[in-house]
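Q: show me the folded form of this:
(chains A and B)
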There are 2 protein chains.
Amino acid sequence: MKKLNIKNNETAIYGVGGLGEIGKNTYGVQFQDEIILIDAGIKFPEDDQLGIDYVIPDYQYLIDNKDKIKALVITHGHEDHIGGVPFLLKVLNVPIYAGPLALALIKNKLEEHGLLKQAELHEINDKSVLKFKKTSVSFFRTTHSIPDTMGVAVHTPDGVIVETGDYKFDLTPVTNQPPDLQAMAKLGEEGVLCLMADSTNAEKPVWTKSEKWVGKSVRHIFDEVKGRIIFATFASNLSRIKTAIDTALAHDRKIAVFGRSMEAAIVNGRKLGYLDVPDSAFVDAQELKHLPADKIMILCTGSQGEPMAALARIANGTHRQISIQPGDTVVFSSNPIPGNTLSVNRVINELEEDGATVIHGKINNIHTSGHGGQEEEKLMLRLMKPKFFVPIHGEYRMLKIHTKLAQECGVPADHCFILKNGEVLALTKDSAHIAGYFNAGDVYIDGNGVGNIGDKVLQDRQLLSEEGLVVVVATINLKNQEIQSGPDLLSRGFVYMRESGELLDEGRKLVFRTIRRAMKNKNADEKSISKAIVNDLSNFLYEKTQRSPLILPMLIMND
Amino acid sequence: MKKLNIKNNETAIYGVGGLGEIGKNTYGVQFQDEIILIDAGIKFPEDDQLGIDYVIPDYQYLIDNKDKIKALVITHGHEDHIGGVPFLLKVLNVPIYAGPLALALIKNKLEEHGLLKQAELHEINDKSVLKFKKTSVSFFRTTHSIPDTMGVAVHTPDGVIVETGDYKFDLTPVTNQPPDLQAMAKLGEEGVLCLMADSTNAEKPVWTKSEKWVGKSVRHIFDEVKGRIIFATFASNLSRIKTAIDTALAHDRKIAVFGRSMEAAIVNGRKLGYLDVPDSAFVDAQELKHLPADKIMILCTGSQGEPMAALARIANGTHRQISIQPGDTVVFSSNPIPGNTLSVNRVINELEEDGATVIHGKINNIHTSGHGGQEEEKLMLRLMKPKFFVPIHGEYRMLKIHTKLAQECGVPADHCFILKNGEVLALTKDSAHIAGYFNAGDVYIDGNGVGNIGDKVLQDRQLLSEEGLVVVVATINLKNQEIQSGPDLLSRGFVYMRESGELLDEGRKLVFRTIRRAMKNKNADEKSISKAIVNDLSNFLYEKTQRSPLILPMLIMND
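A: As a prediction, the model looks like this:
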């Protein structure tokens, strides 16, 4: 690790999160004593991070420099860009600037965390300009799968740093907010020092289809289906929700909404004017029963097969209000995120067993990405004509391909930098170099706590999920060297108690002997006895079963 | 036909050619007494226009208004944009403004026609501005399959009229001339009154692949092939020629060029700096014989199966210098133009029978279009944000789809106009209406003559090609009512003389009787006798053969 050294004549840019990963986007642009933060996102945990709700960046560098931070500007209202706001605000106060929709979503979050009153919130739009002493920030409208998406331009004395946010070039968006090509071209014309650009689809040699194209396919489905339509998509994809609702209205179907996040999305979308739907278009579960099947669209969460979401519960018959009836058509209007394929397939099977027709997948043209493919990434590069290039928002292989595209579009290879989280690039008008690093690891969040779960806990949860658990309970009087009760062995996820009475009985005897022996040591304490139990019992169980359950001694020291 | 009436406060735009067709692009923008002409192209004849070399527009409207014409500006150097220049200059003199490559190609043409000395030629580039009294013209760089391609902006007191020329958005062109997005966005920012845009690929819902993508596929072929490579493409596709030459050089192959137009293209391309190739890279047919097969690339015309092009002659063994040898690989780096599929297939079969391996078609990724697909057409629309829209350069169905795209990109339906050749749209700052029509039919060119072939001639050629010809020769003295010799019947393309002696003999007797009878009429003349011959003989031949050859009486009136 090279010690961080940003010179006074340099503009520093870095990712606190978002580099080498999809998620927790949090970027900084720093000139002298002014830091502009762009986004504060969370990451959803990976499969082996059990019981973790989400992951945020290590904010220590920002805490250490909190007096410099002038603004947190938000590109759009998705979790991987705003989910970290409450956690960030808990450790440092910073004025937040966001578009109407993102701001509404942030307010909901801050309210939940009891932080709304203390937060300094400013609503902006793509024409806003924020002026600070040495830097200023302007915006440009882009398109994504949610309205009010903006790119950010930070104007420093060294030049303009552009951060695209998440974008595609949807030239026929359903929201009537086309990308502002003129604003982007103008930035390019005036000169961009460094472009930091979304790399999500850098591996896809395509021009991502417009949301309007999905609309055509959805319309075809509505034209043909005579029964109820159950339409599942992300609550965060407000463009898709608008597509579904507009089509339902045009086909004279009433809309029933299920799933808490979907309900919230629609409330927000209507309040802010993105969804122009009269109250009369919506029905509740009770009214639903009295409508003919061809007058109903059920809009719900669960397109990723999430077990607790509305759709999964409808599919397995545990939803309180809705169950599948013959003639139902279920539309999955999203692609499974890698890792979710199995759960999605399970829900599809259940739905079809219940008698529903399921429409899903790319072949039905009912989904398109919110991120631009290679052609759009090249277009952004040609619009911005940056001197230096830093790919962001992507795993390493995506960032790497993105730098190749940049080179094909005229950025010299030695002007392209693939950064890691915490790695700081220092720029002058005509140079760039790595100025050092700060710590920017993962922080795990369980419930509303921050960073109270370490890697050890995660390893345990991993072990538990694979090998199970054996709890050892005993009451010990160390002074008398007496085992007052127990030891008792309790197993979960390791062996069925009933079938393995003998094994556990043997284990119990073994632990009894271990405790007796361990107590005799003159330095004996709870820790040393526990350690001896774990050691002996795990050896014994592994020998008998070739498995290594988590062994958890619960000693009650009665003295 | 509505009489043409352009008011003094209106800017008129029209196609003299290019609307409802692919070819003879010739557009006019007219304000009061100033006309700016954009391009002067030819069209290649269709299959049923036999013996026609090409088709140009009827220039009468331009001749009638020749004092108003201030400039002919050229978007690029393809035949359908510059092929008409010599024919236009023969009927009216106009200063010509073109980029370096188009200008070089125009000079070649004018030299052939003996018009070079009298022509007023100006070399321009995309930064040039032409100023006239009331209007001015600026340009913006676009990309196509030939370098130096530009769009045109005509600035009138009513607003800016933009004509895109042929374009795609090739963001990684091989010529190092990316499209000037900034210039286009600036026009859109400042306000475009009417956009006239290329509609060639309006039916294709794609983003057209970059020429660089073809380069990758060509490189794979060169990596694997050990024998000679024969590379066939359009001589007009200088980008593709550059791709082939660059790849050959990188693979240490010498280049032999066959086909007159290909040789000319390479001479021009090298002279103007688009092809950076040393003399030593080229070899002639003689040197070719002494090189190993894996050191050779033969670059030639004939990718459309044209019977007289180098490749067809190589394939059928009639080329003087080159024949197919085992191990040869022939690359067709173009898609067959509709109508050429049969000839292309014939040449492919001949080549494979000769022992060559043939690589062709879309599946091999060795061709991409020079015209943008729907996504690029939408991008142009969003860049220009025009108030009115007129699709050009396309058949009716392409123009129609293009107006739908325009509407999806925010142009109101009643601001989109599908014009015919000769139809005049009159614009003010905020209105548009059809101001009338002028004649703008096809003029056929056979050899170097202009317009000397009528529809009747074409019908005859059509008949000849399908049914053949019977010539009737007789010498007649009308005064004496005497048939001095003949009649003799000669058939071509109808029946073999030898096999049908009897038929023709019978016909001869019939004609003899017809002439005798026709001569008796007191108003008899050459015409009436000929008519009688055609009438009787065609009835007779149709009855006998169910065919209707062209009957051509050649009467020698000997009196």
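
Q: give me the neighbour count for the residue of the stretch 301-450 of chain A found nearest chain B.
A: Closest residue of the stretch 301-450 of chain A to chain B, Cβ to the nearest Cβ: A:Lys378 (3.9 Å). Any C-beta I mention is one placed from the backbone N, CA and C, and that applies to glycine too. A:Lys378 has 24 neighbours, counted by other Cβ atoms under 10 Å in any protein chain shown.

Q: element containing it?
A: helix A:374-384 (DSSP states H and E).

Q: helices or strands up against that helix?
A: Judged by 3 or more Cβ pairs under 8 Å, 6 or more residues apart in numbering or on different chains; DSSP states H and E, the packing partners of helix A:374-384 are helix A:181-190, strand A:192-198, helix A:396-408, helix B:181-190.

Q: can I get the CA coordinates of the following helix or strand past it in PDB?
A: Once helix A:374-384 ends, the next helix or strand along the chain (criterion: DSSP H and E) is strand A:388-392. Output of strand A:388-392 as PDB, limited to C-alpha atoms (Å, rounded to 0.1, in the frame of the first residue of the first chain):
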ATOM      1  CA  PHE A 388      -8.400  10.300 -19.500                       C
ATOM      2  CA  PHE A 389     -10.700   7.400 -18.900                       C
ATOM      3  CA  VAL A 390     -11.700   5.400 -15.700                       C
ATOM      4  CA  PRO A 391     -14.300   2.600 -16.200                       C
ATOM      5  CA  ILE A 392     -16.600   2.300 -13.100                       C
END
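
Q: A:Ser145 and A:Arg240 touch, don't they?
A: Yes. Assessed by Cβ atoms under 8 Å, A:Ser145 is found in contact with A:Arg240 at 6.7 Å.

Q: around chain B, which positions in chain A sit nearby?
A: Taking Cβ under 8 Å from any Cβ of the partner chain as the measure of proximity, chain A contacts chain B at A:169, A:171-172, A:178-179, A:181-182, A:184-186, A:188-189, A:205-207, A:212-213, A:375, A:378-379, A:381-383, A:385, A:408-410.

Q: among those, name the buried ones.
A: A:169, A:171-172, A:178-179, A:181-182, A:184-186, A:188-189, A:206-207, A:212, A:375, A:378-379, A:381-383, A:385, A:409 (16 or more other Cβ atoms under 10 Å in any protein chain shown).

Q: ok now do the closest residue to A:Ala232 other than its chain neighbours, which residues does it touch?
A: What sits nearest to A:Ala232 in space, not counting adjacent residues and going by Cβ to Cβ, 6 or more residues apart in numbering or on different chains, is A:Ser303, at 4.0 Å. Contacts for A:Ser303 (Cβ atoms under 8 Å, 6 or more residues apart in numbering or on different chains) come out as A:232-234, A:311, A:332-334, A:344.

Q: by neighbours, which of the residues you listed wins?
A: Of these, with other Cβ under 10 Å as the count, A:Ala232 tops at 31 neighbours.

Q: quick check, that residue in contact with A:Cys300.
A: Yes. Using Cβ under 8 Å, A:Ala232 is in contact with A:Cys300, at 5.4 Å.

Q: intersection of neighbour lists for these two?
A: With Cβ under 8 Å, 6+ apart as the test, A:Ala232 and A:Cys300 both reach A:310-311.

Q: checking A:Gly436 next. Helix, strand or coil?
A: Secondary structure, DSSP: H, G, I helix; E, B strand; the rest coil: A:Gly436 is strand.

Q: how close does it sit to A:Thr135?
A: A:Gly436 is 21 Å from A:Thr135, where distance means Cβ to Cβ, to the nearest Å.

Q: contacting residues for the residue nearest to A:Tyr396 when sequence neighbours are not counted?
A: Distances taken as Cβ to Cβ, 6+ apart place A:Gly20 nearest to A:Tyr396, at 5.2 Å, with adjacent residues excluded. With contact set as Cβ under 8 Å, 6+ apart, A:Gly20 has these partners: A:394-396, A:399, A:420-421.

Q: got a list of what the residue of the stretch 301-450 of chain A closest to chain B touches?
A: A:405, A:408-409, B:171-172.

Q: so, low pLDDT: which residues of chain A?
A: Filtered on pLDDT under 70, chain A yields the residue ranges A:1-2, A:46-52, A:338-339, A:361-364, A:446-468, A:491-501, A:559.

Q: re the thing from before, which one of the helices and strands packed on helix A:374-384 lies nearest to B:Val283?
A: B:Val283 lies closest to helix A:396-408 among those, at 32.0 Å (Cβ to Cβ).

Q: between the following helix or strand past that closest one and strand A:192-198, how big is the angle?
A: Moving toward the C-terminus from helix A:396-408, the next helix or strand (DSSP H and E) is strand A:423-427. Per axes from the mean of the first three to the mean of the last three Cα atoms, to 10 degrees, the angle that strand A:423-427 makes with strand A:192-198 is 150 degrees.

Q: paired strands for strand A:423-427, with orientation please.
A: Sheet neighbours of strand A:423-427, with direction, are listed as strand A:11-17 (antiparallel), strand A:432-437 (antiparallel) (DSSP bridges).

Q: tell me how many other residues crowd A:Val267.
A: For A:Val267, using other Cβ under 10 Å, the count is 14.

Q: okay, and it sits in which element?
A: Applying DSSP H and E, one finds A:Val267 within helix A:260-271.

Q: can you point out the buried residues in that helix?
A: The neighbour-count check on helix A:260-271 (16+ other Cβ under 10 Å) flags A:262-263, A:265-266, A:268-270 as buried.

Q: nearest to chain B, of those?
A: The closest of the buried residues of helix A:260-271 to chain B turns out to be A:Gly269 (Cβ to the nearest Cβ; 22.2 Å).

Q: pretty sure A:Val160 sits against A:Glu189.
A: No. In this structure A:Val160 lies outside contact range of A:Glu189 using Cβ under 8 Å: 11.2 Å.

Q: got the CA positions of stretch A:137-144 in PDB?
A: C-alpha atoms of stretch A:137-144 as PDB (Å, rounded to 0.1, in the frame of the first residue of the first chain):
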ATOM      1  CA  VAL A 137     -21.200  20.500 -10.300                       C
ATOM      2  CA  SER A 138     -23.500  20.400 -13.300                       C
ATOM      3  CA  PHE A 139     -25.700  17.500 -14.500                       C
ATOM      4  CA  PHE A 140     -27.000  16.000 -17.800                       C
ATOM      5  CA  ARG A 141     -30.000  13.900 -18.400                       C
ATOM      6  CA  THR A 142     -29.500  10.200 -19.300                       C
ATOM      7  CA  THR A 143     -31.800   7.300 -19.600                       C
ATOM      8  CA  HIS A 144     -31.900   4.100 -17.400                       C
END
